[in-house]
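**Student:** for reference, the sequence and a predicted model appear below.
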Amino acid sequence: MPQQISPGSYEQGELELTFRDPAGQLLLTQHHALRHVHPAAVEDTLAFLASPLCASLELSGDLIPSKVDDSAADPQKISNELWLKHPRIDPISYPWEWTVAQWRAAAELTLRIAKQAIDAGWVLKDATPLNVLFAGPRPIFVDVLSFERRNPKSSVWLAYGQFVRTFLLPLVAAKFLKWPLQATLFSRDGYEPAMLYKALPRWRCLTPDLFDVITLAALFERSSGKRQEARRPFKDTDPELAKHILHKRIDRLGKQIRHVAEAGSESQWSEYTRSANHYQAADISSKQEFVRSVLERCSPAHVLDIGANTGTYSLLASKSGAEVVAIDSDEAAIEMLWRAATQQKQQITALVANIARPTPAAGWKNREQLSLLERLTGKFDLVLMLAVIHHLILREQLPLTHIGELCASLTHRWLVLEWVPPSDPMYQEWLRGRDELYGSLSESDLLNAFSPFFRVLDRTELGNQRVVLLFERKAGEASPLEAGPA
């Protein structure tokens, strides 16, 4: 394993070592991602950075910008040490927090870059969703070490099998087997064709769109015991024919991705804003006007919308000038929000996540991928928690003090929270005979529980007796969650 890295002139930040990549490692500081390139990869990396392909991809926004950073080098190390500095994309998102539409967008980005690289004399040697992040609603490829020079006579794309396993087959499993995309958290290398060959009905495996990537691949693995992309000698091919074959192969992958990533279905919560009969038009208007006034009054730069649903308030915050992170556990609702943000070009990062059961850290020693709370804590000027608290109380059975502490760890200034009283129809529906525990909770109980962390700045009561409050965090020491480990 490569030795742990530490840049000479930068503060230590979160350390995330990409130790699996033989070409380099990554260090995350507060504002940047620093990439240490190993000596053997320096020449090719500099050649790629100087290429028209790199310039074109950066200009289009498809590739993370890179800058050679001599100030990060350690003068005591070897002279050909290379550090690259990239802008840091916050929050880091992982494929298991994306919707089907986001998977498709990331896959199509990867294929688009792969085709451009082939035309420019390069090739992608890695094709995994983990090389893509979302900057707002837009996917961006972030691994500049994934490019290598292409043999013009080769018609083999060695990353083909990886793309199938990590991009295509999870979408196949989600569509035809109802395996949630969130389950890919436990499958860093994706799904093997043989796994889906056993799980799918045999007739499905024989359909034209799946026959090559599942049936033939599974039979090949069974007979050879090797993956299709294993390095093997290839016959020289005419360069133009080789390029044509590669393009056709990538075009077919694009067609297969489109086939299995069709528009998502509706859900209970994706239809919530149209079907919520416990809100009258005047209630919705009053609630939206209160949030608009808070956004105008506070002018937050970074907003977290917890339980964002289809994004009414995320869009309000974004249009007020804030960068927004929107989370909801309902994939269909988040997909609608992501599509709206994409169409309206709003700076909203939409994630499928449950704040009560946040995405855990994963990978080697739980440090390859960071937990959701680690990525969100202390990053926001304002947190929106609208029509959420009764979910946390009744469905997750969380004490009000715990909810207040979590909110204080996420925002360093303001919190907008909607209190749902026990008389509310939704509250009553979920109470389920637990009146003794939760039937008498009041707004006063909320204020008392939140008082160690917040003070109330403003309040409005809606016609349906729900209350929307603006809190300001009290000055003082960070909450235990925000303080984090020593």
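**Tutor:** Perfect, thanks for sending it. Residues are numbered from 1 along each chain as shown.
**Student:** please enumerate the strands of the stretch 301-450 of the chain.
**Tutor:** Here the stretch 301-450 of the chain has its strands, by DSSP state E, counting those that start in this stretch, at 302-306, 323-328, 348-352, 380-385, 411-419.
**Student:** ok, D283 touching Q465?
**Tutor:** No: contact criterion C-beta atoms under 8 Å: D283 and Q465 do not qualify, at 9.5 Å. For every residue, glycine as well, the C-beta is placed using N, CA and C.
**Student:** so which helix or strand takes in the nearest residue to A194 once chain neighbours are set aside?
**Tutor:** The shortest distance from A194 to any non-neighbouring residue, by C-beta to C-beta, 6 or more residues apart in numbering, is to A218 (4.3 Å). According to DSSP states H and E, A218 maps onto helix 217-224.
**Student:** which elements pack onto that helix?
**Tutor:** Under the contact definition 3 or more C-beta pairs under 8 Å, 6 or more residues apart in numbering; DSSP states H and E, helix 217-224 sits against helix 193-199.
**Student:** what's the average pLDDT for the helix it packs on?
**Tutor:** The pLDDT scores in helix 193-199 average 95.
**Student:** contact partners of whichever helix or strand comes after that helix?
**Tutor:** Moving toward the C-terminus from helix 193-199, the next helix or strand (DSSP H and E) is helix 202-205. With C-beta atoms under 8 Å, 6 or more residues apart in numbering as the test, helix 202-205 has contacts from 176, 196-197, 210-211, 214-215, 218.
**Student:** all helices of the stretch 301-450 of the chain, in order?
**Tutor:** Using DSSP state H, counting those that start in this stretch, the helices found in the stretch 301-450 of the chain span residues 312-319, 331-344, 372-376, 389-390, 400-410, 425-431, 435-438, 443-450.
**Student:** which among those is found nearest to S223?
**Tutor:** Smallest distance to S223 across the helices of the stretch 301-450 of the chain (C-beta to C-beta): 37.7 Å, for helix 331-344.
**Student:** off-centre distance for the closest one?
**Tutor:** Centroid separation between helix 331-344 and its chain, computed with C-alpha atoms, centre = their mean, to the nearest Å, is 13 Å.
**Student:** helices or strands next to it in the packing?
**Tutor:** Against helix 331-344 (3+ C-beta pairs under 8 Å, 6+ apart) you get helix 100-119, helix 312-319, strand 323-328, strand 348-352.
**Student:** would JSON lines of the ones you listed with distance to F380 and mean pLDDT be doable?
**Tutor:** Converted to JSON lines, the helices and strands packed on helix 331-344 look like this (distance: least, C-beta to C-beta, whole Å; pLDDT from 0 to 100):
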{"stretch": "helix 100-119", "distance to F380": "22", "mean pLDDT": "98"}
{"stretch": "helix 312-319", "distance to F380": "11", "mean pLDDT": "98"}
{"stretch": "strand 323-328", "distance to F380": "8", "mean pLDDT": "98"}
{"stretch": "strand 348-352", "distance to F380": "12", "mean pLDDT": "98"}
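**Student:** just the buried residues from the contacts of helix 202-205, in ChimeraX please.
**Tutor:** Typed into ChimeraX, the line below selects the buried ones among the contacts of helix 202-205, using 16 or more other C-beta atoms under 10 Å:
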select :176,196,197,210,214,215,218
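**Student:** which one of the contacts of helix 202-205 is nearest to R188?
**Tutor:** L196 (17.1 Å).
**Student:** centre-most residue in the protein?
**Tutor:** S93 (2.5 Å; C-alpha atoms, centre = their mean).
**Student:** for that residue, which three-state class applies?
**Tutor:** Counting by DSSP: H, G, I helix; E, B strand; the rest coil, the backbone at S93 sits in coil.
**Student:** nearest residue to it other than its sequence neighbours?
**Tutor:** F134 (5.1 Å).
**Student:** same thing with L241?
**Tutor:** Nearest non-adjacent residue to L241 (C-beta to C-beta, 6+ apart): S155, at 7.2 Å.
**Student:** surely that neighbour meets T237?
**Tutor:** Yes: in this structure, S155 is within contact of T237 by C-beta under 8 Å, at 4.9 Å.
**Student:** joint contacts of those two?
**Tutor:** Shared contacts of S155 and T237, counting by C-beta under 8 Å, 6+ apart, come down to I245.
**Student:** that older thread, wait, doesn't the residue nearest to the centre of the chain sit right on L133?
**Tutor:** Yes: the pair S93 / L133 is scored as a contact, 6.0 Å apart, by C-beta under 8 Å.
**Student:** ok, longest helix in the protein?
**Tutor:** helix 239-260 (DSSP state H).
**Student:** what sits up against that helix?
**Tutor:** Contacts to helix 239-260, defined as C-beta under 8 Å, 6+ apart, come from residues 104, 107-108, 111, 114-115, 118-119, 152-155, 157, 160, 163-164, 167-168, 171-172, 174-176, 209-210, 213, 237.
**Student:** just the buried subset of those, please.
**Tutor:** Taking 16+ other C-beta under 10 Å as the criterion, what is buried in the contacts of helix 239-260 is 104, 107-108, 111, 114-115, 118, 154-155, 157, 160, 163-164, 167-168, 171-172, 174, 176, 209-210, 213, 237.
**Student:** what pLDDT does the model give G433?
**Tutor:** Looking at G433, its pLDDT reads 83.
**Student:** ok, it to G439 distance?
**Tutor:** 9 Å (C-beta to C-beta, to the nearest Å).
**Student:** what does A105 give?
**Tutor:** 45 Å.
**Student:** more crowded one of these two?
**Tutor:** Between A105 and G439, counted using other C-beta atoms under 10 Å, A105 has the larger neighbour count: 21 against 13.
**Student:** I figured W179 hits A173, correct?
**Tutor:** Yes: contact criterion C-beta under 8 Å: W179 and A173 qualify, at 4.0 Å.
**Student:** these two: who's more crowded?
**Tutor:** Set side by side, W179 and A173 show more neighbours around A173, with 23 against 18, by other C-beta under 10 Å.
**Student:** which residues sit in contact with the residue nearest to L241?
**Tutor:** Listed by C-beta under 8 Å, 6+ apart, the contact set of S155 reads 234, 237, 241-242, 245-246.
**Student:** so it lies in a strand, does it not?
**Tutor:** No: counting by three-state DSSP, S155 is not found in a strand; it is coil.
**Student:** what does the helix holding A218 contact?
**Tutor:** Residues contacting helix 217-224 (C-beta under 8 Å, 6+ apart): 161, 164, 192-194, 196-197, 205, 227-228.
**Student:** quick one: A47 from H32, how far?
**Tutor:** To H32, A47 is 23 Å away according to C-beta to C-beta.
**Student:** quick one: which of the two has more around it?
**Tutor:** A direct count of neighbours by other C-beta under 10 Å for A47 and H32 places H32 higher, at 19 against 14.
**Student:** quick check, pLDDT for that one.
**Tutor:** H32 is assigned 89 on the pLDDT scale.
**Student:** isn't it up against K85?
**Tutor:** Yes: with contacts counted by C-beta under 8 Å, H32 reaches K85, the gap being 5.3 Å.
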